[in-house]
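# Let me see the structure of the following:
(chains A and B)
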Number of protein chains: 2
Amino acid sequence: MNTNEMLERRARLLGVGAPLFYDEPVHIVRGEGVWLYDADGKKYLDVYNNVPNVGHSHPHVVEALCKQSKLLNVHTRYLHDFILDYVERLTSLHDDSLTTTFITCSGTEANELALRMARFITGGQGIICSNATYHGNSEAVDELGTIFSEGKSKVKRVKAIPYPESYRPISDAEGEALADAYANEVKKAIDEFKEEGIGFAGILLCPIFANEGLPNVPAGYMQKAIQHVRDAGGLYIADEVQAGFARTGSHMWGYQVSGVAPDIATMGKPMGNGHPLAGLVVGVDLANAFRKEVMYFNTFGGNPVQCAVGMAVLDVIENEKLLDNSFTVGEYVREGLRRLQNKHDLIGDVRGHGLFNGAELVKDRTSKEGASKEAAHIVNEMKERGVLLGKIGVHDNILKMRPPLPFSKVNADQLLSTLDDVMAGV
Amino acid sequence: MNTNEMLERRARLLGVGAPLFYDEPVHIVRGEGVWLYDADGKKYLDVYNNVPNVGHSHPHVVEALCKQSKLLNVHTRYLHDFILDYVERLTSLHDDSLTTTFITCSGTEANELALRMARFITGGQGIICSNATYHGNSEAVDELGTIFSEGKSKVKRVKAIPYPESYRPISDAEGEALADAYANEVKKAIDEFKEEGIGFAGILLCPIFANEGLPNVPAGYMQKAIQHVRDAGGLYIADEVQAGFARTGSHMWGYQVSGVAPDIATMGKPMGNGHPLAGLVVGVDLANAFRKEVMYFNTFGGNPVQCAVGMAVLDVIENEKLLDNSFTVGEYVREGLRRLQNKHDLIGDVRGHGLFNGAELVKDRTSKEGASKEAAHIVNEMKERGVLLGKIGVHDNILKMRPPLPFSKVNADQLLSTLDDVMAGV
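Reported below is the predicted structural model:
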């Protein structure tokens, strides 16, 4: 079937406007490791997908999925070992304070539950989020989706604050003073909630500000911001949907990068390597307080197949030393991007953590005007040349590079040389 | 590991009060067809689980899952055939008006999306639901969870109305007059929304009122109720999470039982036989109107593995004639239950559709006082004797029998004779 026929079927069966990547969409039929293959047999280096975190169709994960599916798949209102063994291992990788787990099917469900918990436990409704973010597609979570509302809060119980960044800072301050300036925005939002008579529940942030474009955060920001939150009796929810599971290279979890353990950490995308598996970790006292009053049950959440898959993902991260690989190859990618920055004026800033990197494209390095058209051109042209990446940021001008973790230096060289060629033609 | 050790681990790892069935929980290790096996090798006839709709660990479904997992599992922002082929087949089984599909990971996500759609399209917030129901675990969907709030609405934008039933009717009226009386409750709620200045969005109902205990609905109720909804510009959302996929025996979908096609039908539990797969069908005009303004994307939703699994479930329903089996064996179960009703005064009412049946237990057939203690005893004792069933209803007194669809007459005989023995001992 050709692309036009598929697009016509999509419009009819999924509705006009069902999201698609690229000016000319790719028709993918097979995946293996860091590679995707289209219907014509063309091979693409996947520098975009973090969901297949340990590699597309990883045999160890597929084997665990198949083995458990043949044996048993049932809900958690019967006893089974799988969820206990998985949760024991998962929590052992988290901060000591995060001992207890709720398993869900998607990051949206995990963030829904975290918001319900924070609001239930504090008795407040007020939630702070960043002004360029997305945390999921349900009604309550979509209230935080400021990336679609030009940074504006949509409802009174949610306040969007400027995300911390050093490249386009909100003030002339530098270093710790800049961190203070940004943290003060948290304090301001808390004070506003108080004035408006809205009880404060907490803050929900991606600890590496992934949707905001991976900004370099002024040192000490998170400590100062969360201190304000805790002084006001609020909870800190860290959204690890993108930052977690060894993505940052230096640590298993994004919150460890900033050195502040959250009260609740939500997880999703890479947790099951594509299998719908997500959840949250929280301290046992908060978990018990919530469970005591609220009947929360998730039909598919915590079933033996999900848990077997989640366990296999952790096996691969450990066995293939993917945390180390993320760190080493991530550094290598950033070094390469900085070399390209020296060569191409278009690249205004290079940044990231482990194998999650961004290159911010600007028309002019002084004005820092976002080069969104150029970014779109480059993303499409890279695809034509067999390299899949994306873009992000409020100016839609940041190249987003977030490959499966078994990404090698050879893969990085292909990414960098192709990007060099494409940029030369811009 | 013994049960007490498992319970201690659960409390620590999942929180105290994570839902469990039975006074002494069952530790399940294997499932096959209509059978579950515990850690001691004891075999249980599964008369409870509708999620493994075509049977536990069905080889055709497992094979499809494994085959596709080895090949490709990726999101829908690339083109792939799997979602188009699956959705084409799924919509072909629905009413002609329901042409377009959104795939999600859980029934909760499907109902979240249906509510968002109905509110977006009508511009109103007001939703009507029944006063003894549950539709999912997110904040917006939980607002409809009246089964946990003694039938009371929790928020102004949701109104709970009495569910229609002939066994404990709200008035002395009978037949069509009773249907009018119940439908009038819908009209009343719509009028109240109007008086309160809350725009009306629609009604969300399980078309067979599963959580309400499968009441016998006065003939014509749904036609009358939905006419009121449509006259007021609202949408009818049918929750097929329990009623759909051949469960009722007479039809593929619950809404076909009452003969009123909804504007949106949501689906979940049995859709992937345990694999997290859910979604909704809607007319293409409503889908396009929503897509035009709202960016809805579901990371795992519609991935090739989900679609392969969903397709395999439809294959099995068709190949093994499970709709017919649900009809025939369902009739056989109800006939048997009626024989038990003649023998045991405890059974006040027998009802259901296909392989989803209820027996309402009462202390006295005149007063109809609910026999909840007896129901709890019977459910636990049936489990001891190797038959798993549940209970439901506002009086917690309705035995709930909802086995995987390959349930045979021999299985039914085991259910009925065990129930007869257990009841003789009450």
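# residue contacts, the closest residue to residue A:303 other than its chain neighbours?
Sequence neighbours aside, residue A:73 is the residue nearest to residue A:303 in space, at 5.4 Å (criterion: Cβ to Cβ, 6 or more residues apart in numbering or on different chains). C-beta here means a position set from N, CA and C on the backbone, and glycine is covered the same way. With contacts defined as Cβ atoms under 8 Å, 6 or more residues apart in numbering or on different chains, the neighbours of residue A:73 are A:303, A:304, A:305, B:31, B:52, B:56, B:57, B:273, B:274, B:275.
# If I look at residue A:73, what pLDDT would I see?
At residue A:73, the pLDDT value in this model is 96.
# what do you get for residue A:1?
In this prediction residue A:1 is given a pLDDT of 66.
# And the helices in chain A, which stretches?
A:3-14, A:59-71, A:81-92, A:107-122, A:139-142, A:175-196, A:221-231, A:254-258, A:284-293, A:304-319, A:322-343, A:372-384, A:409-424 (DSSP state H).
# Which residues outside the first one are in contact with it?
Same thing as helix A:3-14. Identification of contacts with helix A:3-14 by Cβ under 8 Å, 6+ apart yields A:1, A:18, A:20, A:24-25, A:27, B:76, B:79, B:81, B:83-84, B:87-88, B:91, B:99-102, B:284, B:287, B:302.
# What residue spans form the domains of chain A?
Structural domains annotated on chain A: A:3-54+A:321-424, A:59-319, as defined by automatic domain parsing.
# Any idea which of these gets closest to residue B:296?
Closest to residue B:296 of these, according to Cβ to Cβ: domain A:59-319, at 5.8 Å.
# chain center to the closest one, what's the gap?
The chain centroid and the centroid of domain A:59-319 are separated by 10 Å, computed with Cα atoms, centre = their mean, to the nearest Å.
# my guess is residue A:203 meets residue A:129, correct?
Yes - if you go by Cβ atoms under 8 Å, residue A:203 and residue A:129 touch, sitting 7.2 Å apart.
# Neighbour count: those two, which is higher?
Of the pair residue A:203 and residue A:129, residue A:203 is the one with more neighbours under other Cβ atoms under 10 Å in any protein chain shown, namely 29 against 26.
# check contacts around the more buried one.
A:127, A:128, A:129, A:186, A:225, A:226, A:229, A:234, A:235, A:236, A:237.
# Just the buried residues out of the contacts of helix A:3-14, in ChimeraX syntax.
In ChimeraX syntax, the buried subset of these is picked out as below (16 or more other Cβ atoms under 10 Å in any protein chain shown):
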select /A:18,20,25,27 /B:76,79,83,84,87,91,99,100,101,102,284,287,302
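# Let me know which of the domains of chain A is tucked in deepest.
Burial of the domains of chain A is given as mean neighbour count (mean count of other Cβ atoms under 10 Å in any protein chain shown); domain A:59-319 ranks first at a mean of 22.
# Which stretch among the helices of chain A approaches residue A:163 most closely?
Judging these by Cβ to Cβ, what sits closest to residue A:163 is helix A:175-196, at 8.0 Å.
# Run the angle between that closest one and helix A:221-231 for me.
30 degrees (axes from the mean of the first three to the mean of the last three Cα atoms, to 10 degrees).
# With adjacent residues omitted, what lies nearest to the residue nearest the centre of chain A?
The C-alpha lying nearest the average C-alpha coordinate of chain A belongs to residue A:242 (Cα atoms, centre = their mean; 1.9 Å). Spatial nearest neighbour of residue A:242, chain neighbours left out: residue A:210 (4.1 Å); criterion: Cβ to Cβ, 6+ apart.
# again with residue A:347
residue A:341 (4.1 Å).
# can you pull the contacts of the one you found?
So residue A:341 contacts A:347, A:349, A:350, A:359 (Cβ under 8 Å, 6+ apart).
# ok so, going back, and which of the contacts of residue A:203 is nearest chain B?
Nearest to chain B, judged by Cβ to the nearest Cβ, of these is residue A:127 at 11.6 Å.
# Would you mind naming the residues that bridge with the closest one?
residue A:158, residue A:202 (DSSP bridges).
# That one and residue A:116, how far apart?
11 Å (Cβ to Cβ, to the nearest Å).
# Repeat that for residue A:24.
Distance of residue A:24 to residue A:116, given as Cβ to Cβ: 42 Å.
# And residue A:43, by the same measure?
Residue A:43 is 44 Å from residue A:116, by Cβ to Cβ.
# Ok, residue A:209 next?
Distance from residue A:209 to residue A:116, by Cβ to Cβ: 24 Å.
# And residue A:272, by the same measure?
22 Å.
# ok, now residue A:42?
45 Å.
# I figured residue A:126 was touching residue A:153, is that so?
No - using Cβ under 8 Å, residue A:126 is not in contact with residue A:153; the gap is 10.6 Å.
# Now do the shared contacts for the two.
Joint contacts of residue A:126 and residue A:153 (Cβ under 8 Å, 6+ apart) are residue A:159.
# Excluding chain neighbours, what is closest to residue A:95?
Closest to residue A:95 by Cβ to Cβ, 6+ apart is residue A:261, at 4.0 Å.
# and that neighbour, what does it touch?
A:95, A:97, A:98, A:255.
# any idea which of these is the one closest to residue A:298?
residue A:98 (18.8 Å).
# surely that closest one meets residue A:281?
Yes - applying Cβ under 8 Å as the test, residue A:98 and residue A:281 come out as touching, 4.0 Å apart.
# Overlap of the contact sets of these two?
Joint contacts of residue A:98 and residue A:281 (Cβ under 8 Å, 6+ apart) are A:91, A:264, A:265.
# Spatially nearest residue to the last one, not counting backbone neighbours?
So the one you mean is residue A:265. Using Cβ to Cβ, 6+ apart, the closest residue to residue A:265 is residue A:238 (4.7 Å).
# quick one: the one you found from residue A:133, how far?
Using Cβ to Cβ, residue A:238 is found at 13 Å from residue A:133.
# so what's in contact with those two at the same time?
Counting by Cβ under 8 Å, 6+ apart, the residues touching both residue A:238 and residue A:133 are A:205, A:206.
# now stretch A:106-115: mean pLDDT?
What stretch A:106-115 shows for mean pLDDT is 98.
# sorry, that was for stretch A:303-311
In this model, stretch A:303-311 has an average pLDDT of 97.
# just stretch A:238-257 next, same as before
98.
# Any idea which helix or strand in chain A has the lowest mean pLDDT?
Within chain A, confidence by mean pLDDT, DSSP states H and E is lowest for helix A:3-14 among all helices and strands, at a mean of 94.
# quick check: angle from it to helix B:284-293?
110 degrees.
# could I have helix A:3-14 exported to PDB, CA atoms only?
Extracted C-alpha coordinates of helix A:3-14, given in PDB (Å, rounded to 0.1, in the frame of the first residue of the first chain):
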ATOM      1  CA  THR A   3       1.700   6.400   1.400                       C
ATOM      2  CA  ASN A   4      -1.200   8.300   0.000                       C
ATOM      3  CA  GLU A   5      -3.500   5.300   0.400                       C
ATOM      4  CA  MET A   6      -2.400   4.900   4.000                       C
ATOM      5  CA  LEU A   7      -2.900   8.600   4.700                       C
ATOM      6  CA  GLU A   8      -6.500   8.300   3.300                       C
ATOM      7  CA  ARG A   9      -7.200   5.300   5.500                       C
ATOM      8  CA  ARG A  10      -5.700   7.000   8.500                       C
ATOM      9  CA  ALA A  11      -8.000  10.100   8.000                       C
ATOM     10  CA  ARG A  12     -11.000   7.800   7.700                       C
ATOM     11  CA  LEU A  13     -10.100   5.400  10.500                       C
ATOM     12  CA  LEU A  14      -8.200   7.600  13.000                       C
END
